[in-house]
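S.K.: Dropping the sequence and predicted coords here.
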Amino acid sequence: MSKWVSANEKKAFLQWFLENHRLKKADARRLLEVIIKNFHILENVHFTDELKANRRTVVISSINSDEIGFKYYQSGRVYDEVAVAYSEIMSNPTEPVYLLLHFYGKLNNHRYLQLIENKAIDNIRRYEYYEKVTKQAEKVIEQSLVQNKKEMLLRQIDKALDEKNEELFKQLVQQLKNYE
């Protein structure tokens, strides 16, 4: 799934992330700083919440996370050294790099959720949108039903008046008052 996010948004988030979280691996911090400084690399960074082991994926965790501190995945191989990721990213700056961050509160962090490319998050957003639309549609339908019932009662009241049926007239007027 491809979602365009501006390099400035990515940069702002990564700067916020580095200011507010201590990383388990200090070298990972330097890697993120290099990514922030190199606009052409930053353009090819994609935030994700799913591990993409067959693609260039960097996994970085803060000290508040239970996840491993650093992993670099490329073509099915896994590396623990930040230097390997740094070297690979710098030598191929135009290839996509997927960035998976683990930090406390990430699922409640609006800035992070706006950046990640994740089908599950997009599905949640779509579900919330449809729920909102459904509630609005139900409200319109309910209003329409009430309006139709009022119109039907008014026609029945007119008919009761034409037939001079006082008892039916009173019942129908009472029903109309209940709708209003």
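M.R.: Thanks, I have the structure now.
S.K.: list the buried ones in the host helix or strand of Gln114?
M.R.: Assessed by DSSP states H and E, Gln114 sits inside helix 110-115. By neighbour count on 16 or more other C-beta atoms under 10 Å, the buried set for helix 110-115 is 112-113, 115. No exception for glycine: its C-beta is placed from N, CA and C like everyone else's.
S.K.: can you pull out the strands in the protein?
M.R.: Shown for the chain, the strands assigned by DSSP state E span residues 45-47, 57-61, 70-74, 77-79, 97-102.
S.K.: name the helices or strands packed onto the longest helix belonging to the chain?
M.R.: In terms of residue count, the longest helix belonging to the chain (DSSP state H) is helix 119-162. Counting contacts by 3 or more C-beta pairs under 8 Å, 6 or more residues apart in numbering; DSSP states H and E, helix 119-162 is packed against helix 166-179.
S.K.: ok, residues contacting the helix it packs on?
M.R.: 146, 149-150, 153-154, 156-157, 160-161 (C-beta atoms under 8 Å, 6 or more residues apart in numbering).
S.K.: can you do 10 Å?
M.R.: 146-147, 149-150, 152-161, 163, 165 (C-beta atoms under 10 Å, 6 or more residues apart in numbering).
S.K.: Near Ile36, how many other residues are there?
M.R.: Using other C-beta atoms under 10 Å, the number of residues around Ile36 comes to 20.
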